[in-house]
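*Asks:* Provided below for reference: sequence and predicted model.
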Amino acid sequence: MTSVNELYQTMHEKLKDVVPDVELKYKAEIAYEINRLKVEKNAVILGHNYMEPALFHSIPDITGDSLALSREAAKTEKDIIVFCGVQFMAETAKILNPNKKVLIPSDKAGCSLAESISAADVRLLRERFPGVPIVAYVNTYADVKAEVDICCTSGNAVAVVNSLDSDSIIFLPDQYLAHNIANETGKKIIFPEVVNNTLQVPDGDFQMIGWTGKCEVHEKFTVSDIDTVRAQFPEVVIVTHPECSPEVVAASDFSGSTTAMINYVEQSNAPHYLVLTECSMGDNIAAANPDKDLLRLCMVRCPHMNTITMEDTLAALRNEQYEVEVPEDIRIRAARSVERMIAIG
Ligand code: 13P
Ligand code: SF4
């Protein structure tokens, strides 16, 4: 196994421009112990693209966006999955691996989108729009996934919508992602209002029915932020996550999943980039592309992703905490929606 010093050297090589050396030395020791326990306990660590740079570059066996990590979770043969991401991601891993132990390093890693809709809300939609297929963003909890027909991530949302042979579809819970997908697929979208436990549906034609959940991080980016940065750096290329508002997406140069944004920066050549998403990912892109100038708006952080630390990941492996559980009746129904999603490109 790699020694602490070798681990530190590797981290230093990748992160010297992004993380102070004193922090790297401290984190290399934690990473060494995590990697030792990982082997001893036959565990795999999955790390979302939003993990902080020292964690991202030292302990995950696999890194990626939610779609890639769901796929990897479905394939693993290890006994324990440690998910360095948020609760709905770890839950998805458990849905696909009922007989494995799935751990998440923090019990506070929620998500404003997952909180924005309940299973009862989905039943209300199903009652009001019988026969209309329901797509749930993977950023939902297992009981919501159990009520819908198929899941999607930002990486395959258009493909999932296009795969459904229906005049209209319900897409929940992210208002902005739904609107961006409606724009991309040429559909008119409406957002019913819940009043006294009934749905008020606007008049007129529509092909998509959305919900009004929002990501508390991406909703904060504005067109005025983009205009200000473009005024200061006229040649900047701006990449956004589709959880941003349709106006922000329209004002940007490229929009895609977290991995699609990483690939876009890596494969293009601009004098400056502004990556409008969780700030840590900007650090990870900067570390992997030392020749590129990455601008970030770091006043906006995901408080949930940021609860996942290396110290807590070590505690998770040592104490086998916090174990993710999904009741079996819910898991079986949720698995159908997740497996349908994984089968689509
Ligand atoms: P990705 O599916 O693009 O990785 O995004 C997940 C997420 O929570 C973004 O805020
Ligand atoms: Fe949820 Fe937004 Fe955080 Fe992603 S960035 S985990 S959507 S709150």
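*Replies:* Ah, there it is. Ligands and ions are numbered 1, 2, ... in the order given.

*Asks:* where does this protein have low pLDDT?
*Replies:* 345 (pLDDT under 70).

*Asks:* need the longest helix for it.
*Replies:* The single longest helix within the chain, with elements called by DSSP state H, is helix 21-40.

*Asks:* neighbouring strands - and their directions - for the helix or strand following it?
*Replies:* Sequence-wise, the next helix or strand downstream of helix 21-40 (DSSP states H and E) is strand 43-48. Strand 43-48 pairs in its sheet with strand 62-64 (parallel), strand 80-84 (parallel), by DSSP bridges.

*Asks:* so Pro133 sits against Ile170, correct?
*Replies:* Yes - with contact defined as CB atoms under 8 Å, Pro133 counts as touching Ile170 (7.1 Å). From N, CA and C alone the C-beta is placed, and that goes for glycine too.

*Asks:* the two - which one has more neighbours?
*Replies:* Neighbours of Pro133 and Ile170, each counted by other CB atoms under 10 Å, are more numerous for Ile170; the result is 23 against 18.

*Asks:* report the contact partners of the more buried one.
*Replies:* Residues near Ile170 by CB atoms under 8 Å, 6 or more residues apart in numbering: Leu125, Phe129, Val132, Pro133, Ile134, Val135, Met208, Ile209, Gly210.

*Asks:* most widely separated two among those residues?
*Replies:* Farthest-apart pair in these is Pro133 and Gly210; separation 13.9 Å (CB to CB).

*Asks:* how close does Glu23 sit to Val82?
*Replies:* Separation of Glu23 from Val82 (CB to CB, to the nearest Å): 22 Å.

*Asks:* looking only at neighbour counts, state which of the two leads.
*Replies:* Ranked by neighbour count (other CB under 10 Å), Glu23 and Val82 place Val82 first, with 29 against 13.

*Asks:* in this structure the more buried one contacts Asn42, no?
*Replies:* No - in this structure Val82 lies outside contact range of Asn42 using CB under 8 Å: 11.5 Å.

*Asks:* in the protein, which residue is closest to the centre?
*Replies:* Ser66 (4.8 Å; CA atoms, centre = their mean).

*Asks:* that residue is in contact with Cys152, isn't it?
*Replies:* No - the criterion here is CB under 8 Å, and Ser66 misses it with Cys152 at 9.8 Å.

*Asks:* which neighbours do these two have in common?
*Replies:* By CB under 8 Å, 6+ apart, the residues touching both Ser66 and Cys152 are Val138.

*Asks:* one step back: so how far is ligand 2 from the residue nearest to the centre of the chain?
*Replies:* Applying CB to the nearest ligand atom, to the nearest Å, one obtains 9 Å for the distance of Ser66 from ligand 2.

*Asks:* can you count the residues close to the closest residue to that residue other than its chain neighbours?
*Replies:* Setting aside the residues directly before and after it, Ser66 is nearest to Thr153 in space (CB to CB, 6 or more residues apart in numbering), at 4.5 Å. The number of residues packed near Thr153 is 23, by other CB under 10 Å.

*Asks:* dump the residue contacts of Thr153.
*Replies:* When contacts are counted by CB under 8 Å, 6+ apart, Thr153 touches Asp65, Ser66, Leu67, Ser70, Tyr137, Val138, Ser257, Met341.

*Asks:* kindly recompute the last result at 7 Å.
*Replies:* Each residue near Thr153 by CB atoms under 7 Å, 6 or more residues apart in numbering is listed here: Asp65, Ser66, Leu67, Val138, Ser257.

*Asks:* quick one: name the residues of the stretch 1-150 of the chain near ligand 1.
*Replies:* For the stretch 1-150 of the chain, the residues in contact with ligand 1 (CB under 6 Å from any ligand atom) are Asn49, Asp65, Ser66, Asn139.

*Asks:* of the residues you listed, closest to Glu243?
*Replies:* Asn139 (8.4 Å).

*Asks:* which residue packs closest to that closest one, ignoring adjacent ones?
*Replies:* Nearest residue to Asn139 in three dimensions, chain neighbours excluded: Leu113, at 4.1 Å (CB to CB, 6+ apart).

*Asks:* which secondary structure element contains that neighbour?
*Replies:* Element membership of Leu113 [criterion: DSSP H and E] is helix 112-115.

*Asks:* show me which positions of whatever helix or strand comes next after that helix end up buried.
*Replies:* As assigned by DSSP H and E, the chain's next helix or strand after helix 112-115 is helix 119-128. Neighbour-count burial for helix 119-128, with 16 or more other CB atoms under 10 Å as criterion, is recorded at Ala119, Asp121, Val122, Leu124, Leu125, Arg126.

*Asks:* cool, and stretch 194-209?
*Replies:* Buried positions in stretch 194-209, judged by neighbour count with 16+ other CB under 10 Å: Phe206, Gln207, Met208, Ile209.

*Asks:* spell out which parts of the stretch 101-250 of the chain neighbour ligand 2.
*Replies:* Residues of the stretch 101-250 of the chain lying close to ligand 2 by CB under 6 Å from any ligand atom are Cys111, Ser112, Leu113, Asn139, Cys215, Glu216, Val217, Glu243.

*Asks:* now the last one, what's its secondary structure?
*Replies:* Following DSSP: H, G, I helix; E, B strand; the rest coil, the label given to Glu243 is coil.
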